[in-house]
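Engineer: Below are the sequence and a predicted model for it; my questions follow.
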Amino acid sequence: MSIPYTESTIANVRVGSGTFISYPFLTDGDTTTKVYNMACSQRASDYAANQVALDDTMSSATAAGVIALPFAADSSAYFVGDTGHAPIDGGMIEFTRTFANIPQPSRELVGTQAYNFPGWSASYSQKQLITITAASYTSPSNIVTLTTAVDHDMSAGGIIQLNMDYTLTGSSFVHYAQGRFRVVADISATQLSVDLGRVFGSQKTMTLNNAEMVDATYDNRPAASHVSTTMKETTYILPGVTSGVTTIADISVPPVFKVYNILAGVSTDTLKDGAHPTMPSKSDYLDMIDDKAQIVIESTLEKWRGNILKQNIKTIRAL
């Protein structure tokens, strides 16, 4: 009677077909971050959940807990777990063993959303209604040059309240631009340029039906909801590996933007300059608008894979 033979290696983790490397962030332009997915099998009675510790690197087959690596060792790939355990014939078990690089940080446009921006107060003064006699642009551009019937007395960085409807050559569609716009450049006494927020992709002549403006630089502006562009910044953190982060307790998420009333010691929705300004002050905030600064409106921290954490910071362009 022959003695049954059991191959000694079944007690160890073998990597077989179905193994692959994925690149989860190719669409974000990250071509270096890899996730190593190893299709593994082992005798069920020999499997132990602690064969490999989270955050161990795939620096060798021994470090990865397998007989042989199916691809080159990667000491910057960290163990993020065994998943998909399932029994198979012969008292064996199969599962997927995964190692992953810490993903590269990214920044991407999310889209637009409404946000309640702060307002400011100012003393009232009589305003001159100025007629706009012509408007033009040089494509491709979002900057429009306005010609005024009289001296406009505006400087770059000032704010105009604009009411303008126009058509473009080749179309009878009437476009309407209404609202507050910052002056991009003071070209001459009767010419200034503004960003209407629309990109003109082809060169056409603008014909004005009605167009007028007032200097709104020092006007009151109540806090109100406006639509602006939003961005998302994503950073990945592995405590104990990422510089400056030993444990999760070392991670802080950025606070959301608020206007702080220095005198009262509370948040407010009205910006102020003067002896008791807010933080930021009205002038500081107007500079932020000029600089197209992004302010934090949301921040989160969550688990990505294994012990690798994902920090998301959502920002919106100041208006």
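Structural biologist: Cool, got the structure. The structure displayed is predicted, hence computed values, not measured ones. Numbering: from 1, shown residues only.
Engineer: Might you report the residue contacts of K282?
Structural biologist: 120, 271-273 (Cβ atoms under 8 Å, 6 or more residues apart in numbering). Backbone N, C-alpha and C define where each C-beta goes, glycine included.
Engineer: Which one (most neighbours) among these?
Structural biologist: Within the contacts of K282, neighbour counts (other Cβ atoms under 10 Å) peak at L271, which reaches 24 neighbours.
Engineer: Poorly predicted segments of the protein, please.
Structural biologist: Where the chain drops to pLDDT under 70, the residues are 1-9, 123-125.
Engineer: Domain map for it?
Structural biologist: Domain assignment for the chain by automatic domain parsing gives 8-101, 106-116+222-317, 123-215.
Engineer: What residue, apart from its backbone neighbours, is nearest T96 spatially?
Structural biologist: Nearest in space to T96, with sequence neighbours left out and distances taken as Cβ to Cβ, 6 or more residues apart in numbering, is G84 at 4.8 Å.
Engineer: Next: N209.
Structural biologist: Distances taken as Cβ to Cβ, 6+ apart place D165 nearest to N209, at 4.9 Å, with adjacent residues excluded.
Engineer: Equivalent analysis for N12, please.
Structural biologist: Once flanking residues are discounted, N12 sits nearest to I67: 5.2 Å by Cβ to Cβ, 6+ apart.
Engineer: ok, the one you found touching A11?
Structural biologist: No - counting by Cβ atoms under 8 Å, I67 does not reach A11; the two are 10.3 Å apart.
Engineer: hmm, back to that, I'd like to know how many residues surround the residue nearest to N12.
Structural biologist: Residues lying near I67 (other Cβ under 10 Å) number 14.
Engineer: Kindly confirm my reading that it is in a helix.
Structural biologist: No - looking at I67 with DSSP: H, G, I helix; E, B strand; the rest coil, it is coil, so not inside a helix.
Engineer: For the stretch 201-319 of the chain, just list every one of the strands.
Structural biologist: Along the stretch 201-319 of the chain, counting by DSSP state E, counting those that start in this stretch, strands occupy 206-215, 224-237, 259-261, 266-268, 270-271, 278-279, 294-305, 308-317.
Engineer: do the same with the stretch 51-200 of the chain
Structural biologist: With DSSP E, counting those that start in this stretch as the criterion, the stretch 51-200 of the chain has strands at 57-58, 74-88, 92-101, 106-117, 119-120, 130-136, 141-148, 159-168, 175-188, 191-200.
Engineer: Rebuild those as a markdown table, extending it with distance to G244.
Structural biologist: A markdown table is the format used below for the strands of the stretch 51-200 of the chain (distance: least, Cβ to Cβ, whole Å):
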| stretch | distance to G244 |
| --- | --- |
| strand 57-58 | 20 |
| strand 74-88 | 18 |
| strand 92-101 | 19 |
| strand 106-117 | 20 |
| strand 119-120 | 38 |
| strand 130-136 | 52 |
| strand 141-148 | 40 |
| strand 159-168 | 41 |
| strand 175-188 | 38 |
| strand 191-200 | 39 |
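Engineer: looking at these, which is closest to D219?
Structural biologist: In terms of Cβ to Cβ, the element of the strands of the stretch 51-200 of the chain nearest to D219 is strand 159-168, at 7.3 Å.
Engineer: Please name every helix or strand in contact with that closest one.
Structural biologist: Strand 159-168 sits against strand 130-136, strand 175-188, strand 191-200, strand 206-215, with contacts defined as 3 or more Cβ pairs under 8 Å, 6 or more residues apart in numbering; DSSP states H and E.
Engineer: For G18, find the nearest of those.
Structural biologist: Closest of the helices and strands packed on strand 159-168 to G18 is strand 191-200, at 47.6 Å (criterion: Cβ to Cβ).
Engineer: quick check, distance from that closest one to the centre of its chain.
Structural biologist: The chain centre lies 25 Å from the centre of strand 191-200; the measure is Cα atoms, centre = their mean, to the nearest Å.
Engineer: What of stretch 129-141?
Structural biologist: Counting by Cα atoms, centre = their mean, stretch 129-141 comes out at 33 Å from the chain centroid.
Engineer: next one: stretch 79-97
Structural biologist: The answer for stretch 79-97 is 37 Å, by Cα atoms, centre = their mean.
Engineer: With stretch 22-33 instead?
Structural biologist: Its chain's C-alpha centre and that of stretch 22-33 lie 17 Å apart, by Cα atoms, centre = their mean.
Engineer: What of stretch 102-119?
Structural biologist: On the basis of Cα atoms, centre = their mean, stretch 102-119 sits 4 Å off its chain's mean C-alpha point.
Engineer: May I see the buried residues of that stretch?
Structural biologist: Residues of stretch 102-119 classed as buried by neighbour count (16 or more other Cβ atoms under 10 Å): 102-103, 115, 117-119.
Engineer: related to what we said a few turns ago, I'd like the strands of the stretch 201-319 of the chain as JSON lines, with distance to Q191 appended.
Structural biologist: As requested, the strands of the stretch 201-319 of the chain are arranged in JSON lines below (distance: least, Cβ to Cβ, whole Å):
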{"stretch": "strand 206-215", "distance to Q191": "12"}
{"stretch": "strand 224-237", "distance to Q191": "27"}
{"stretch": "strand 259-261", "distance to Q191": "35"}
{"stretch": "strand 266-268", "distance to Q191": "38"}
{"stretch": "strand 270-271", "distance to Q191": "30"}
{"stretch": "strand 278-279", "distance to Q191": "35"}
{"stretch": "strand 294-305", "distance to Q191": "31"}
{"stretch": "strand 308-317", "distance to Q191": "27"}
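Engineer: Having no further points to raise, I will conclude here.
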